[in-house]
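Asks: Attaching a predicted model along with its sequence, questions to come.
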Amino acid sequence: MPDLQKKPTLSSHLWVIYLLSLILLGVTWYFQWILGLIMTVVLAASFYYSIRTERALLHEAEQYISTISHRIKKVGEEALLEMPFGIILYNEDFNIEWANPYMNKFSDNNHDSLVGDSLNKLSENLIPMIKENKDSVWFELNDYKFQTVIRRDERLLYLMDRTDQQELQQLYHNEQTILAIIFLDNYEEITQNMDDTVKSQLNSQVTTVLNNWSSHYGLYLKRTSQERFLAVGTKEILQQLEKVKFDILDEVREMIGAENNPVTLSIGVGVGNISLPELGELAQSSLDLALGRGGDQVAIKEDQGKVRFYGGKTNPMEKRTRVRARVISHALKELIKASDNVIVMGHKSPDMDSLGAAIGVLNIAKINNINGHIVFDPDDLDTGVYRLVDAIKANEELWSYFVEPDEAEEMITSKSLLVIVDTHKPSMVAVESLLNKSEYKVVIDHHRRGEEFIDNPTLVYMEPYASSTAELVTELLEYQPKGTKLKMLEATALLAGIIVDTKGFTLRTGSRTFDAASYLRSKGADTVLVQQFMKEDLELYIKRSKIIERAKIYRDHIAIAKAESGTAYSPVLIAQTADTLLTMTGIIASFVISERSDGRIGISARSLGDVNVQVIMEKMNGGGHLTNAATQIEDTTINDSEAFLVDILNEYYEGRETE
């Protein structure tokens, strides 16, 4: 701003004019003094007028600038104090030094100011975020949701109220459409022998229960067939259903059909900000996943995110038919005949079931006169199967069909048939690279289907109701052409797989299990040889006993054994330990935790059926069956894994107790 005390002066161009005028005036005085006198008076008057005019203009400009400056300063002060968002200055100790009046309404001090308070009063997240060099942070204060911009160099915070925006986003999120397909798992089996009157009563009962449930939560429900319903709702309704863990499953299960078989539901839910046709495909995919896991449960799939499961608390009833086994066997025969060769692959660290099933599929290939081989990695062998492997090695003919991963890579072609047994997860197969080498893949498994699944299989035979994959393969063998006879060792390997997975026909055993065992026995399976395969070393028995000695009882009926830190145990050993704990009086479920040779923490879980260990292990990124499951956890310790397990068990029991 110009100095108000400085006297105004004429502009430079006027001085030039007056200087020229003085020169002209001097010449005029020299030749005509009268005219010079007149011109002197006129020039003096003009000079005086110019100075006055210049001074007036300059004064007006100074007044205008002064007024504008004052107004700008006043507006700035008022904006700083009255703007509708918070401004806070804090010191090096993260205490508030100054806050604009907008923030005073959040103070509970008598002087109605935040000055002197710690930033923790606003949010406990603020100081850690500032220390972590975050540029922005969200927090909630007195029902207001703030987005805070952090200026560390100035120790300055800008707090913008985003409550309305968040509420609008939440409303949009809550009102997103969800589609659910509801399927009566065993409707056909229950009603096939019913007369029309009883069937009508059951239909009416099921429809009434589902209609009451849908009305209570605000779902639109439409029955599309005898065993299928379509439900339409919102994400907010889905959250309410998840909060009660889809208790409709328990309510329907309590309805008893013919022959005292309970009716069970499977529900597939599609969620996401996608088109309705895509949402329908997502719901159908979720239903397929729920049915593939044994039914009596809910699978929720979002267009982005992990699949969530609810239910699955009961053992699935055996409802596969021999018709399906015959159809699958015929389809497998046609695929084998159309292939260059057959490559059979189990899971990593193969067990009795995996090896037995692989040998059974190899036999199917031989019956159809197609070359077959089993992928076998000698460096990835569990101690529990080495006796069976030794017996196979002693049989030169059978051993000649076993090839190492490198050999399998060389012999597989795009027209080879790759058969995966006892697993359906790409990360679990013996040699994952083989999955991309062939266009034709067959999956035969008895585990409940997980989210991870082999891409584009040509044929899938998954039966979670079966005791073992060896049982499924045995049934497929029965429907193959009567050709090459099943050898004694091959039949014994299949029987060993069944016996090991059923714990000697005590768990997950149905009538079909005994039928398969009877068939294998008729083909020369040696039960004494099976017992020899299952024998264990004294050293391993002692190791298992030491782990059992460290077991603790949780909630009166659950055994949790934690192996000594610093000692690695094989998955087979901890699985056997969990099996042994389950035989103790009063124990309905067991969990064994130990370090593994690969640096991860392994947990093996077993139950008698009252506790769904599969659901528990899935929450720890594992899986398995309702009564038999496991997981491996990276970057953790035994103690942390135990704490994690206990938290999940608490959540599991709290959910059951509130139902």
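Replies: Good, I have the coordinates.

Asks: ok, L381 - contacts?
Replies: S349, P350, V389 (C-beta atoms under 8 Å, 6 or more residues apart in numbering). In this view, the C-beta of every residue, glycine as well, is placed from N, C-alpha and C.

Asks: where's it relative to A408, distance?
Replies: L381 is 16 Å from A408, where distance means C-beta to C-beta, to the nearest Å.

Asks: Need the three-state assignment for F183.
Replies: Secondary structure assignment for F183 (DSSP: H, G, I helix; E, B strand; the rest coil): strand.

Asks: Would you check how far apart the residue lying closest to K333 once chain neighbours are set aside and Y386 are?
Replies: Closest residue to K333 apart from its sequence neighbours, by C-beta to C-beta, 6 or more residues apart in numbering: N368 at 5.8 Å. Separation of N368 from Y386 (C-beta to C-beta) stands at 31 Å.

Asks: Tell me which of those two has more neighbours.
Replies: N368 (20 against 11; other C-beta atoms under 10 Å).

Asks: just checking, that one touches Q480?
Replies: Yes: with contacts counted by C-beta atoms under 8 Å, N368 reaches Q480, the gap being 7.4 Å.

Asks: List the residues that contact the residue nearest to K333.
Replies: N368 touches K333, I336, K337, Q480, P481, G483, counting by C-beta under 8 Å, 6+ apart.

Asks: mind redoing it with 6 Å?
Replies: By C-beta atoms under 6 Å, 6 or more residues apart in numbering, the contact list for N368 reads K333, I336, K337.

Asks: Take those residues and write them to CSV, including distance to N91, pLDDT and secondary structure.
Replies: Formatted as CSV, these follow (distance: C-beta to C-beta, whole Å; pLDDT from 0 to 100; DSSP: H, G, I helix; E, B strand; the rest coil):
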residue, distance to N91, pLDDT, secondary structure
K333, 81, 90, helix
I336, 78, 93, helix
K337, 82, 90, helix
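
Asks: In terms of distance to W33, which of those ranks first?
Replies: Nearest to W33 among those is I336, at 136.1 Å by C-beta to C-beta.

Asks: What distance do you get for the closest one to M462?
Replies: Counting by C-beta to C-beta, the gap from I336 to M462 is 19 Å.

Asks: same thing with V149?
Replies: 53 Å.

Asks: tell me which residues form a beta bridge with the closest residue to S607 other than its chain neighbours?
Replies: Among residues not flanking S607 along the chain, A589 sits closest, at 3.9 Å (C-beta to C-beta, 6+ apart). Beta bridges link A589 to I558, S607 when assigned by DSSP bridges.

Asks: residues near A589, how many?
Replies: 25.

Asks: Touching, it and L608? I think so.
Replies: No: with contact defined as C-beta atoms under 6 Å, A589 does not count as touching L608 (7.2 Å).

Asks: Low-confidence ranges, the stretch 351-500 of the chain, go.
Replies: For the stretch 351-500 of the chain, the stretches flagged by pLDDT under 70 are 383, 483-484.

Asks: about what we covered before: ok, and the most crowded of the contacts of L381?
Replies: Neighbour counts for those peak at P350, which has 28 neighbours (criterion: other C-beta under 10 Å).
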